[in-house]
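[1] below: sequence and its predicted model.
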Amino acid sequence: MAFGGIPGTGGQPAPADLTGNYARVDRLPIQAFNFNLTNKKGYFTDQCMSTGVTYTQDDLSEDVRLMKSFEFKSGMQFFTRINIAAELRTDWFDDAGWDTILGNIRLASRASAEAGAIGFLLDNEQYNVQPFNYTAQADRIARSFAQYQAQTRKRGRQFAQALCSHVPRPIFVFTFGNSHIAKENWKKEHLDMYHMGLWPAFIDGMMDATADAEFIDGHEDYSAESFEDFRELRRLIKEESARYSGDPARYDKRIRAAFSFWLKATDGIEMDLDSTDFSRNRHSPEAFEHAIHYAMLNSDGWIWLYSVPWLELPQEYLDAVSAARKPHRLDYDFTPAGSATPAPATPPDQIGLTISARNRADVDDAIVFAAIRKVYQEVYDFPKAWKFRFDPGDIGQKKRWYHGYDPDDWIDIEIGDWYGHQLDSQYSGYVWYRTTFDAPEDWTGKQLWLAFGAVDEQAWIWLNGRKAGESTAGPSAWNSAFEIDITDWVRAGEPNELAVRVHNKVGPGGIWKSVKIFAGKEEM
């Protein structure tokens, strides 16, 4: 399956982009491609999940006519792409907003059926917003994770019903499935802190809606290349992913495995394929051929290949796609001939530690603390200036760094940015933060919450020498807000001592967003 510009650039073509090119597309060594229904009223692939755009059949009719006019002789099939999460800004409990979205999706189903699509490529990457992240939900303080799970499952069921309204037995291909959660070995009980923690409930709802659709975990991960790599990914999809479902036995029975490739150069993060110097590309045509073959052996029928644009790919790579269908040895050596892998000047897990978080849009307190402000009132905003100490031997807890300190052993730091940027450090491991604050007398008897905008990655909190709580969900919680009930630990009318032990394993680290104290509105 081709995923990418066929002519032109972008995620996939609209029908108008194929006019004059469909015969060349028909000769590509693929069995299917993804397409965007229309560019009217914006990019349908994204905007159909927005409450700000209401589509009509007239908006789609010309693009449907074009798709029906293309005379593919090879048996070429196609999928309608829908970016589930890119513009899904409405709340899961917003019935009016979801009525608009589901109306758009029913139109997508009708248009897809008329155009002859066999299914839907459902890209659930959270490009612009995080609808599947519980910690990003507007009402997460008022509603529990279990309540959001139930509502997300309901919307998943409605979404699948809408997609199936005109395509009764569709193939659903997801770019990110439960296997990504399994790959990080995330605990099911900590899904409330995972950035895609509500996704398993959504796909459960989709499975509730239809017994006839085919569900494929496309596992967008471009790192695999050997036979063993793909065998391990298949195990994740088929054996490990079901545990995150509310119905593991059904999920295990219905989910299918697929794999992904991205043709690109190695010199840079997202550089286009070098069409003349193949040595600069991640895979030579020969290596690409073997990798595709190994993926085919481990998939349940589909693999998808991302490249922009397909009609400009060197013939050598197109030939590799065709040749991959032939028998191959299973022990291909992917190491480039005559090359040794040098140790990088900067370890991969420490690249980017010195970047700043200050200019990121998601550090805005109005966004970060929107949910808790609906229920509680801010009573204290911690100053940016704190004290800081590295703990490479993880001795701070044993030596009680959380209670009393020698100022000579600590340095100045600011919260609201990663420590790597401030200290020009590439260190990853344990560090400590500490500060003091005066609690007013009128806090006596009030329920108080210590709220962290985000700590990258794990945090253990002590207040006045006593452990008050922790956030230990793991690396994927690096951008998740959390709160700790400190009612029993605060000393009203006295100075208070706050210490935070932080562990960072990958990338930037530290207390990189604001820290505040909240109290119940009715108590203030």
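    Yep, it's here.
[2] got a list of contacts for the host helix or strand of R235?
    According to DSSP states H and E, R235 maps onto helix 227-235. Contacts of helix 227-235 with the rest of the structure, by Cβ atoms under 8 Å, 6 or more residues apart in numbering, involve 179, 219, 221, 223-224, 257, 259, 294-295, 297-299, 330-331. For glycine as for every other residue, the C-beta is placed from the backbone atoms N, C-alpha and C.
[3] and these, which of them are buried?
    For the contacts of helix 227-235, a burial check counting by 16 or more other Cβ atoms under 10 Å picks out S179, H219, D221, A224, A257, F259, Y294, A295, N298, S299.
[4] doesn't the fifth one belong to a strand?
    By that I understand A257. Yes - counting by DSSP: H, G, I helix; E, B strand; the rest coil, A257 falls inside a strand.
[5] who's in contact with it?
    If you count contacts by Cβ under 8 Å, 6+ apart, then A257 has I216, D217, H219, L233, R234, I237, K238, N298, S299, D300 around it.
[6] widest-spaced pair of the buried ones among the contacts of helix 227-235?
    S179 and Y294 (17.3 Å; Cβ to Cβ).
[7] related to what we said a few turns ago, from the contacts of helix 227-235, which ones fall inside strands?
    The strands, defined by DSSP state E, take in A257, F259 from the contacts of helix 227-235.
[8] now the contacts of helix 227-235 in a markdown table, with distance to T100?
    Formatted as a markdown table, these follow (distance: Cβ to Cβ, whole Å):
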| residue | distance to T100 |
| --- | --- |
| S179 | 31 |
| H219 | 31 |
| D221 | 33 |
| S223 | 38 |
| A224 | 39 |
| A257 | 34 |
| F259 | 35 |
| Y294 | 44 |
| A295 | 38 |
| L297 | 44 |
| N298 | 40 |
| S299 | 36 |
| L330 | 50 |
| D331 | 54 |
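[9] format the contacts of helix 227-235 as CSV; extra columns: pLDDT.
    Converted to CSV, those look like this (pLDDT from 0 to 100):
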residue, pLDDT
S179, 95
H219, 94
D221, 88
S223, 89
A224, 94
A257, 96
F259, 96
Y294, 95
A295, 96
L297, 95
N298, 95
S299, 96
L330, 92
D331, 91
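[10] going by distance to D412, which of the contacts of helix 227-235 wins?
    For the contacts of helix 227-235, the nearest to D412 is S223 (39.8 Å; Cβ to Cβ).
[11] who are the neighbours in contact with the closest one?
    D229.
[12] quick revisit: alpha carbons only: can I get the helix holding R235 in PDB?
    Output of helix 227-235 as PDB, limited to C-alpha atoms (Å, rounded to 0.1, in the frame of the first residue of the first chain):
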ATOM      1  CA  PHE A 227      13.300 -10.900   9.800                       C
ATOM      2  CA  GLU A 228      13.800 -11.000  13.600                       C
ATOM      3  CA  ASP A 229      12.700  -7.300  13.900                       C
ATOM      4  CA  PHE A 230       9.400  -8.000  12.200                       C
ATOM      5  CA  ARG A 231       8.800 -11.200  14.000                       C
ATOM      6  CA  GLU A 232       9.100  -9.300  17.300                       C
ATOM      7  CA  LEU A 233       6.700  -6.600  16.100                       C
ATOM      8  CA  ARG A 234       4.200  -9.300  15.100                       C
ATOM      9  CA  ARG A 235       4.500 -10.700  18.600                       C
END
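[13] so which bits of it are buried?
    Those would be F227, D229, F230, L233, R234, for helix 227-235 by 16+ other Cβ under 10 Å.
[14] how far off centre is it?
    21 Å (Cα atoms, centre = their mean, to the nearest Å).
[15] run the chain-centre distance for the following helix or strand past it.
    Counting by DSSP H and E, the next helix or strand C-terminal to helix 227-235 is helix 248-254. Relative to its parent chain, helix 248-254 has a centroid offset of 23 Å by Cα atoms, centre = their mean.
[16] run through the neighbouring helices and strands of helix 248-254.
    helix 199-209 (3 or more Cβ pairs under 8 Å, 6 or more residues apart in numbering; DSSP states H and E).
[17] tell me the buried residues in the helix it packs on?
    Under 16+ other Cβ under 10 Å, the buried positions of helix 199-209 are W199, P200, A201, F202, I203, D204, G205, M206, M207, D208, A209.
[18] only alpha carbons, please: show it as CSV.
    Taking C-alpha atoms only, helix 199-209 is exported to CSV below (Å, rounded to 0.1, in the frame of the first residue of the first chain):
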residue,chain,number,x,y,z
TRP,A,199,-7.1,4.9,22.5
PRO,A,200,-7.7,1.2,23.6
ALA,A,201,-11.2,2.3,24.7
PHE,A,202,-11.8,3.9,21.3
ILE,A,203,-10.8,0.8,19.3
ASP,A,204,-12.9,-1.4,21.7
GLY,A,205,-15.9,0.8,20.8
MET,A,206,-15.2,0.3,17.1
MET,A,207,-15.1,-3.4,17.6
ASP,A,208,-18.4,-3.2,19.5
ALA,A,209,-20.0,-1.6,16.4
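[19] could you list every helix and strand in contact with it?
    Looks like helix 199-209 contacts helix 145-163, helix 178-183, strand 214-217, helix 248-254 (3+ Cβ pairs under 8 Å, 6+ apart).
[20] I'd like these as CSV, with distance to T19 appended.
    Putting the helices and strands packed on helix 199-209 into CSV (distance: least, Cβ to Cβ, whole Å) gives the following:
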stretch, distance to T19
helix 145-163, 27
helix 178-183, 37
strand 214-217, 30
helix 248-254, 38
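[21] ok, which of the ones you listed comes nearest P336?
    That would be helix 178-183 among the helices and strands packed on helix 199-209, by Cβ to Cβ, at 26.5 Å.
[22] returning to that earlier point: closest to T472 out of the buried ones among the contacts of helix 227-235?
    Nearest to T472 among the buried ones among the contacts of helix 227-235, with distances taken as Cβ to Cβ, is S179, at 23.1 Å.
[23] surely that closest one meets E239?
    No - the criterion here is Cβ atoms under 8 Å, and S179 misses it with E239 at 9.8 Å.
[24] care to break this structure down by domain?
    As recorded under automatic domain parsing, the domains making up the chain are 2-341, 361-523.
[25] next one: the shortest one to chain centre, how far?
    Translated: domain 361-523. Centre to centre, stretch against its chain (Cα atoms, centre = their mean), the figure for domain 361-523 is 26 Å.
[26] show the average pLDDT along that domain.
    Mean pLDDT, computed over domain 361-523, is 92.
[27] correct me, but P200 touches D247?
    No - the criterion here is Cβ under 8 Å, and P200 misses it with D247 at 10.1 Å.
[28] residue contacts, F159?
    I84, I101, L102, I105, F202, G205, M206, A209.
[29] can we see that at 6 Å?
    Not one residue lies near F159 by Cβ atoms under 6 Å, 6 or more residues apart in numbering.
[30] which parts of the helix ranked longest in the chain are buried?
    In the chain, assigned by DSSP state H, the helix with the most residues is helix 95-115. Buried residues in helix 95-115, counted by 16+ other Cβ under 10 Å: 97-98, 100-102, 104-115.
[31] again with stretch 313-320
    Buried residues in stretch 313-320 (16+ other Cβ under 10 Å): L313, P314, Y317, L318, A320.
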